[in-house]
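*Asks:* no sequence for this one, just the structure:
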């Protein structure tokens, strides 16, 4: 017995020691990688800024030491999240830096919305004003979103065996109705808004007439925007571009992309590098100097005078809920808003919204906090890819709203969603009983259908929520309630369409929103600060250590190979009252 106990204790101690050693090794690896990424690179003459259109783009991101180490250890070729703010800052920096000769864009697969693509394209167009060059290259695939970004370049190159995907846009909602019926789950739906299509996947087998109408409308608006800009820079008519899209260029001989003016030349990767070597005074390929987006951003700006007055850019991206580790947590965001309101050196605030919506309750909390801030200092909203439903709710009270032409916004509507799983529980042999003190004590219990009285109560609650949403929009936009109802009904609009209906004040991007905030605050000098503040290296390393390893690896994998499934997982569409646009709409 003593021997057994001794062996058991020794084994347990061995496991503990092994875990401690592995944790220390993991920490050292993280610190080593992080310290190497934190080092400041040196910028030499004739350097190229290399922009890789790869990975997951978000409005506001920073390096994740865990992801980079995990990708290396598990052989996952997946780029870390990159921030739109990082790309725009690097392009602006490259424009003014005499050591940067030009930009080399390497296109792979960038997961981003059309409005974000449009904002990158605009920054590249402004870069060209410096007289420096931009060249873009795709090895295996030029997807049409990346092609749209790169079409502003001086020349575009593709591998001789590569593919240019240029086929127009489509939206593919996924319908769960039959599946739910087969497994015995009945959705209980309550909504206001003819066009509020977020509930359709649970009750329909195809798109409603209204949803089909609105989807075609905003897809056409986005596609036409892209074509107009491609046409201007590539000198190809919009009609011809549509004809090429109808020919499905993905399956046409690669040479035809050159013959039709979509691509300038076909190069293998080594030939592309030789092209740059020749361009930069016959430098040898091995001597080419390139710097990444993050590398350029690490080079400190020249010292300038200290300016006390600040314009704050507050980022709000993702689904809206009361508390959420990812996305917009109303509790966290309200704390940030209150800090900015109380900070006397902050003279104006730009709220950057990139959200399809979420909890109606959480949206109301954010709306109220922004209203209190607006009483003391100017508030301008800059809309990204989405500012719809709850995303519009938190935007509508700003002094000025600026949207990108292809932003998806509006979706002023509300719905409630509950599930009755009685049939499923019977199939698998689960039985339930109930004891309650009052009539509605078990309201929302998934093991039974709602009663007619409960359905009336729920519908009334949803309609009150919609009335409040309409009222908030009317107050913020200086319109009558009935005017908002005419353009509400849950309908999604592009930024251009929203401008025509006075849901936004102007078309533009973050820079234009900052300029508007500066003008409203009557500032001559200011410095720009961003919130929430990016965390220091040690904090990020410790957070990476604390997060569940397997969950992080799965999320990294899904973000590259199945982003739509990841979105569905992260949406967590729970029962309750929601203000959200369709969460499983796949736009290509």
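*Replies:* Here it is on my side, so go on. Keep in mind that what you see is a predicted model, and the values were worked out from it rather than measured.
*Asks:* that's a strand at residue 482, yeah?
*Replies:* No. Residue 482 is assigned helix when assessed by DSSP: H, G, I helix; E, B strand; the rest coil, not a strand.
*Asks:* How confident was the prediction at it?
*Replies:* In this model, residue 482 is scored at 96, pLDDT.
*Asks:* How many residues are close by it?
*Replies:* For residue 482, the count of nearby residues is 9 (other C-beta atoms under 10 Å). Every residue, glycine included, has its C-beta placed from N, CA and C.
*Asks:* residues in contact with the closest residue to residue 276 other than its chain neighbours?
*Replies:* Excluding its sequence neighbours, the residue lying closest to residue 276 (C-beta to C-beta, 6 or more residues apart in numbering) is residue 288, at 5.7 Å. Going by C-beta atoms under 8 Å, 6 or more residues apart in numbering, residue 288 touches 48, 273, 276, 277, 280.
*Asks:* Just give me the neighbour total for the third one.
*Replies:* So the one you mean is residue 276. Residue 276, neighbours per other C-beta under 10 Å, totals 20.
*Asks:* do the last one as well
*Replies:* Neighbour count of residue 280, defined by other C-beta under 10 Å: 17.
*Asks:* coming back round to it: now, the contacts of residue 288 that are in helices?
*Replies:* Counted as lying in helices by DSSP state H, out of those, are 273, 276, 277.
*Asks:* I figured the second one was touching residue 48, is that so?
*Replies:* Spelled out, it's residue 276. Yes. In this structure, residue 276 is within contact of residue 48 by C-beta atoms under 8 Å, at 6.7 Å.
*Asks:* Find residues that contact each of those two.
*Replies:* Common neighbours of residue 276 and residue 48 (C-beta under 8 Å, 6+ apart) are 104, 288.
*Asks:* ok, now which ones touch residue 401?
*Replies:* Residue 401 touches 380, 381, 383, 395, 503, 504, 505, 506, counting by C-beta under 8 Å, 6+ apart.
*Asks:* Can you pick out the most distant pair from the residues you listed?
*Replies:* 380 and 503 (15.1 Å; C-beta to C-beta).
*Asks:* what residues are up against residue 148?
*Replies:* 114, 117, 121, 226, 229, 230 are the contacts of residue 148 under C-beta under 8 Å, 6+ apart.
*Asks:* what do you get if the cut-off is 7 Å, keeping everything else the same?
*Replies:* Residue 148 makes contact with 117, 121, 226, 230, according to C-beta atoms under 7 Å, 6 or more residues apart in numbering.
*Asks:* ditto for residue 89
*Replies:* residue 297 are the contacts of residue 89 under C-beta under 7 Å, 6+ apart.
*Asks:* And residue 413, by the same measure?
*Replies:* Counted by C-beta under 7 Å, 6+ apart, residue 413 has contacts 191, 192, 193, 195, 196, 389, 466, 488, 489, 490.
*Asks:* What ranges does the stretch 51-200 of the chain have for its strands?
*Replies:* Counting by DSSP state E, counting those that start in this stretch, the stretch 51-200 of the chain has strands at residues 82-83, 100-111, 133-138, 141-142, 155-158, 163-164, 171-173, 186-192.
*Asks:* Adjacent strands (with direction) for the last one?
*Replies:* Going back to what we said before, that points to strand 186-192. strand 414-420 (antiparallel) (DSSP bridges).
*Asks:* Can you give the domain ranges for this structure?
*Replies:* 42-167+248-298, 310-417+449-583 (automatic domain parsing).
*Asks:* And the longest one, how far out from the chain middle?
*Replies:* Per C-alpha atoms, centre = their mean, to the nearest Å, the displacement of domain 310-417+449-583 from the mean C-alpha position of its chain is 12 Å.
*Asks:* By pLDDT, give me the weakest of the contacts of residue 288.
*Replies:* residue 280 (87).
*Asks:* my read: that one touches residue 46, true?
*Replies:* Yes. With contact defined as C-beta atoms under 7 Å, residue 280 reaches residue 46; the gap is 5.0 Å.
*Asks:* Tell me the residues that contact both of the two, please.
*Replies:* With C-beta under 7 Å, 6+ apart, residue 280 and residue 46 have common neighbours residue 101.
*Asks:* just checking, residue 130 touches residue 94?
*Replies:* No. Using C-beta under 7 Å as the test, residue 130 is too far from residue 94 to be in contact (8.4 Å).
*Asks:* who has more neighbours, these two?
*Replies:* residue 94 (25 against 13).
*Asks:* Contact partners for residue 394?
*Replies:* Contact analysis of residue 394 by C-beta under 7 Å, 6+ apart lists 316, 353, 363, 366, 367, 370.
*Asks:* Where strands are concerned, which of those residues count?
*Replies:* 316, 353 (DSSP state E).
*Asks:* Please indicate which of the contacts of residue 394 are buried?
*Replies:* Using 16 or more other C-beta atoms under 10 Å as the burial test, the contacts of residue 394 include 316, 353, 363, 366, 367, 370 as buried.
*Asks:* And for residue 519, the neighbour number?
*Replies:* So residue 519, with other C-beta under 10 Å, has 13 neighbours.
*Asks:* circling back: okay, the contacts of residue 148 in TSV with neighbour count and distance to residue 480 next?
*Replies:* Listed next are the contacts of residue 148 as TSV, based on neighbours: other C-beta atoms under 10 Å; distance: C-beta to C-beta, whole Å:
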residue	neighbour count	distance to residue 480
117	26	36
121	20	38
226	25	35
230	22	40
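*Asks:* between these, which is nearest residue 407?
*Replies:* Of the contacts of residue 148, the one sitting nearest to residue 407 (C-beta to C-beta) turns out to be residue 117, at 11.9 Å.
*Asks:* Could you check the pLDDT of the closest one?
*Replies:* Taking residue 117 on its own, its pLDDT is 97.
*Asks:* got it, and residue 473?
*Replies:* 97.
*Asks:* Ok, residue 539 next?
*Replies:* At residue 539, pLDDT is 56.
*Asks:* quick thing: my sequence starts at 35, can you match it?
*Replies:* With 35 as the first residue, the last one maps to residue 573.
*Asks:* chain center to stretch 309-322, what's the gap?
*Replies:* 36 Å.
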